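Peer 1: only geometry, no sequence info:
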């Protein structure tokens, strides 16, 4: 995922959730419980699903610090 598209990390700090309880919240700011719910139920298709799944993996592996400089 990440190796194929260098814009993924940038999008995590720029793209907002388009629907649901956390509508208009940046993908990088979504709570882990919400991402875990998607992991159980299935991530959406397309770019949004890729972003959510990537953010889930980042949080799951304790790598959220990688986004700090991008977020500024």
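Peer 2: Great, that's in hand. In this text, all values refer to a predicted model and were calculated from it rather than measured experimentally.
Peer 1: wait, isn't residue 25 in contact with residue 17?
Peer 2: Yes: with contact defined as CB atoms under 8 Å, residue 25 reaches residue 17; the gap is 5.2 Å. C-beta here means a position set from N, CA and C on the backbone, and glycine is covered the same way.
Peer 1: okay, the two: which has more neighbours?
Peer 2: residue 17 (18 against 14; other CB atoms under 10 Å).
Peer 1: which residue ranges form the strands in this protein?
Peer 2: Assigned by DSSP state E, the chain shows no strands.
Peer 1: burial count for residue 68?
Peer 2: 10.
Peer 1: I'd like to know how far it sits from residue 9.
Peer 2: Distance, residue 68 to residue 9, using CB to CB, to the nearest Å: 11 Å.
Peer 1: what does residue 22 give?
Peer 2: Residue 22 sits 20 Å away from residue 9, going by CB to CB.
Peer 1: ok, those two, which is more surrounded?
Peer 2: Each of residue 22 and residue 9 has its neighbours counted (other CB under 10 Å); residue 9 has more, 18 against 14.
Peer 1: How confident was the prediction at that one?
Peer 2: Listed pLDDT for residue 9 reads 92.
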